[in-house]
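Undergrad: Sharing a model that was predicted from the sequence below.
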Amino acid sequence: MTHHHHSQKKLGVSILLNIGITLAQIIGGLLSGSLALLSDALHNFTDVVSLIISYVAANFSKKDASLGKTFGYKRAEIIAAFINASTLIVIAIILIIEAVERFLKPQSIDSTLVIWLSVLAIVGNGLSVLLLLNDRKKNMNLASAYAHLFTDMLASVAVLIGGLLMKFYSLFWVDSFLTAAIAIYLIIVGIKLLRNSFSVLMLFTPESIEIDELVNDINQLDHVKHMHHVHIWQLNEAEIHLEAEIDLSEDISITEFEAILEQIEVTLLEKYGINHINIQPEFNKTDDKNIIVQD
C-alpha cells in the first residue's frame, strides 16, 4: 500500500516540475519566435494533463466497490489512457500543419533563449523520468506517463540541437523540421496507446489468450464434457475475468463440482493469468453449445 502511495507522490512531483517547464517554454517560445519550443511546450503540457489524469485516476481506482458500483472505479485508468491518447493525436496533427506553414516561410528566431529553455526542459524531464523509472512496469497508466516524459526529454534534446544549429549556422528551417518530427512521434505513441485502451474498453479478449487452446485444456479435465458460451475480458491492468458454461458428463454433487472448479481455477490462473472466474455448471441442458455465443 505504501508503495502505491510512493509512486503517487512521485507523480505529484512530476506534475509540478512539468507545469514549471511548460510555462517557461510557452513564454520562451513566444518571446523567441520558436515553434519547436512551443511544440515542446505543448508536448509538456499534454504531459501535465496526462499526469494529472493519471494521478486522479490512480486515486479513483483505489475507491471501494459499492452497491451502485460493483467494480468500484477500476477502469478509471483505462479511460484516462484512452482520453490521453486521443488528445495527443489531435494536438500532433495541429502541430504538423503549423510546421509545414512555417517551413514554407522560415522566420528568424532568438536561438540563445531556445538553447537555455531546452536545457531547462531536459533537466526537468530528466528528473521526472528518473522518478518514474521503476514504476513504469506496474501499469498502463504509469507506463503512459513515463512514455510521455521520456519523449519530452528527447524532444527537448532535439530542440537544443536545433537551437545550436540556429545560433551557429542560422538554419532557421530546422525549427519547423523538429516540430514536425516531434509531432509525428506523438502520433505513433498516441495510436499505440489508443489501440490498447480501446480494446480493453471494448472487452476484447486479451491478446495473450488463445480461447481455443484454453477451452481444450478445460475439456480435458475429469467430468467436463464441454466448455461453452465463453466471455473473457480485461477489467483493468491487474484483472482478467472469464465467465463460461460447462457441460458435465454426469449429474454430480455440488461438492464434487467444487473440486473440478478448483482445478479449473488453477489451470486458468497458472497458464492464462485469469484471476476472476465465474462458471455455470450444466447437465443435459439444451442450449447453444458454441464456444462463442452472441448474447
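TA: Sure, I can see it. Residues are numbered from 1 along each chain as shown.

Undergrad: in stretch 171-187, what's buried?
TA: 172, 174-183, 185-187 (16 or more other C-beta atoms under 10 Å). To be clear about C-beta, it is placed using only N, CA and C from the backbone, and glycine gets the same treatment.

Undergrad: Averaged pLDDT, the host helix or strand of Ile94. What do you get?
TA: Assigned by DSSP states H and E, Ile94 belongs to helix 76-104. When pLDDT is averaged over helix 76-104, the result is 86.

Undergrad: Alpha carbons of the helix or strand following it, in PDB - could you do that?
TA: Later in the chain than helix 76-104, the nearest helix or strand by DSSP H and E is helix 111-132. In PDB, the C-alpha atoms belonging to helix 111-132 read as follows (Å, rounded to 0.1, in the frame of the first residue of the first chain):
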ATOM      1  CA  SER A 111      18.400  31.000 -30.600                       C
ATOM      2  CA  THR A 112      20.000  31.800 -27.200                       C
ATOM      3  CA  LEU A 113      16.700  31.700 -25.500                       C
ATOM      4  CA  VAL A 114      15.800  28.400 -27.200                       C
ATOM      5  CA  ILE A 115      19.000  26.800 -26.100                       C
ATOM      6  CA  TRP A 116      18.600  27.800 -22.400                       C
ATOM      7  CA  LEU A 117      15.000  26.700 -22.200                       C
ATOM      8  CA  SER A 118      15.600  23.400 -23.900                       C
ATOM      9  CA  VAL A 119      18.300  22.700 -21.300                       C
ATOM     10  CA  LEU A 120      15.900  23.600 -18.600                       C
ATOM     11  CA  ALA A 121      13.300  21.200 -20.000                       C
ATOM     12  CA  ILE A 122      15.900  18.400 -20.400                       C
ATOM     13  CA  VAL A 123      16.900  18.700 -16.700                       C
ATOM     14  CA  GLY A 124      13.200  18.900 -15.500                       C
ATOM     15  CA  ASN A 125      12.000  16.000 -17.600                       C
ATOM     16  CA  GLY A 126      15.100  14.000 -16.800                       C
ATOM     17  CA  LEU A 127      14.300  14.300 -13.100                       C
ATOM     18  CA  SER A 128      10.700  13.100 -13.800                       C
ATOM     19  CA  VAL A 129      11.900  10.200 -15.900                       C
ATOM     20  CA  LEU A 130      14.200   9.100 -13.100                       C
ATOM     21  CA  LEU A 131      11.400   9.400 -10.600                       C
ATOM     22  CA  LEU A 132       9.100   7.100 -12.600                       C
END
